[in-house]
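Following is a predicted model, sequence given first.
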Amino acid sequence: MHPSIAPLPPTLVVIPTYDEREALPGTLARVRTAVPAAHVLVVDDSSPDGTGQWAEAVAARDQNVHVLHRAGKEGLGPAYLAGFAWGLARDYEQLVEMDADASHRPEQLPSLLEAVRRGADLAIGSRWVPGGRVHDWPVTRQVLSRGANLYVRALMGLGVQDATAGYRVFRAALLRRLITGDIASQGYCFQVDMTRRARDEGAVITEVPIDFDERTEGVSKMSPRIVREALVLVTLWGLSRRTQQLLDRLR
């Protein structure tokens, strides 16, 4: 897919941070190079390592960079929801999810934006469609991720290969409808729930192959508790869906 040369609609890249002082500078520089017209919002959860203060210094000299400070560490989902609300209040037309650690290559963002330009309401940067790749992952982690997505597809019928992916572009019109409910807030649950809600809204969802790089700076925030929460919620959502399908057939 070749990115369009058409003018970029107002676009906000939302990057949540907690102790990402080592990783964020390189990621932010790459985003500003890859999509110079986009704005970036760093949503910092009061990082003890000074990430928020560093981002403020950048924002003071770059009008396309903004910082939203939050009171404490509340998790990935709440950070994104706060960033989305900030962006929607300022009339951005496209809002992007991206990790601070450059596991999502900023250079591939134009391809996701192109998918939205071509009609997608939600473009997902997918590791598990043809052309998608992960780098420096052990086999066990690849099996876990593929297995989790297979489980999600089997139970929930989302029709996507990478429902847990965290590299996404939303149209603002869709996002306004999605964030009105009580969204599951942590890790994989947040991504799956947003995908589920987009499907239920009848959104056009497109998966774009990406390269996923293991982080080289900082520490992953994923935990066994977040994985367990995802397993429980996905099971409950899937059972609810199957029950509703059965009831619909019996009517």
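That came through fine.

so where do the strands sit in the stretch 51-200 of the chain?
Ranges of strands within the stretch 51-200 of the chain are 65-69, 94-97, 122-126, 133-135, 168-171, based on DSSP state E, counting those that start in this stretch.

closest to G83 out of those?
Nearest of the strands of the stretch 51-200 of the chain to G83, taken as Cβ to Cβ: strand 65-69 at 6.3 Å. Just so you know, the C-beta spots here come from the backbone N, C-alpha and C atoms, and that holds for glycine as well.

Okay, now the sheet partners of the closest one, with direction.
The strands beside strand 65-69 in its sheet (DSSP bridges) come out as strand 39-44 (parallel).

Centre of the chain to the strand it pairs with, how far?
Chain-centre distance of strand 39-44: 13 Å, with Cα atoms, centre = their mean, to the nearest Å.

do the same with stretch 75-92
The mean C-alpha position of stretch 75-92 is separated from the chain mean by 12 Å, Cα atoms, centre = their mean.

Check which residues of it are buried.
Residues of stretch 75-92 classed as buried under the neighbour-count rule (16 or more other Cβ atoms under 10 Å) are 75-84, 86-88, 92.

same question, stretch 138-155
Within stretch 138-155, the residues scored as buried using 16+ other Cβ under 10 Å are 145, 148-149, 151-153, 155.

and what of stretch 123-142?
Going by 16+ other Cβ under 10 Å, stretch 123-142 has these buried residues: 123-129, 132, 134, 137.

for stretch 163-173, same thing?
For stretch 163-173, burial by neighbour count (16+ other Cβ under 10 Å) applies to 163-172.

so where do the helices sit in the stretch 101-250 of the chain?
109-117, 139-156, 172-178, 187-200, 224-250 (DSSP state H, counting those that start in this stretch).

Flag the shaky bits of the stretch 101-250 of the chain, pLDDT-wise.
Low-confidence segments of the stretch 101-250 of the chain, defined by pLDDT under 70: 184-188, 215-250.

one more time with 50
Filtered on pLDDT under 50, the stretch 101-250 of the chain yields the residue ranges 218, 221-222.

Make sure A6 is actually in contact with R117.
Yes: with contact defined as Cβ atoms under 8 Å, A6 and R117 form a contacting pair (6.7 Å).

So between those two, which is more surrounded?
R117 (17 against 8; other Cβ atoms under 10 Å).

Between the strands of the stretch 51-200 of the chain, which one is closest to E107.
Closest approach to E107 among these is made by strand 122-126 (11.7 Å; Cβ to Cβ).

any chance of the buried residues of stretch 138-155 in TSV, with distance to R199 too?
Output for the buried residues of stretch 138-155, formatted as TSV (distance: Cβ to Cβ, whole Å):
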residue	distance to R199
S145	20
A148	17
N149	15
Y151	16
V152	11
R153	12
L155	13
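
H104: which of those is nearest?
Among the buried residues of stretch 138-155, S145 lies closest to H104 (Cβ to Cβ), at 14.6 Å.

if I pick that closest one, what's in contact with it?
Residues in contact with S145 (Cβ atoms under 8 Å, 6 or more residues apart in numbering) are 127-128, 134, 137, 164.

Can I get those in TSV including distance to T180?
Output for the contacts of S145, formatted as TSV (distance: Cβ to Cβ, whole Å):
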residue	distance to T180
R127	29
W128	29
V134	34
W137	36
T164	23
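
among these, which two are most distant?
Pairwise distances across the contacts of S145 (Cβ to Cβ) peak at 13.8 Å, for the pair W137 and T164.
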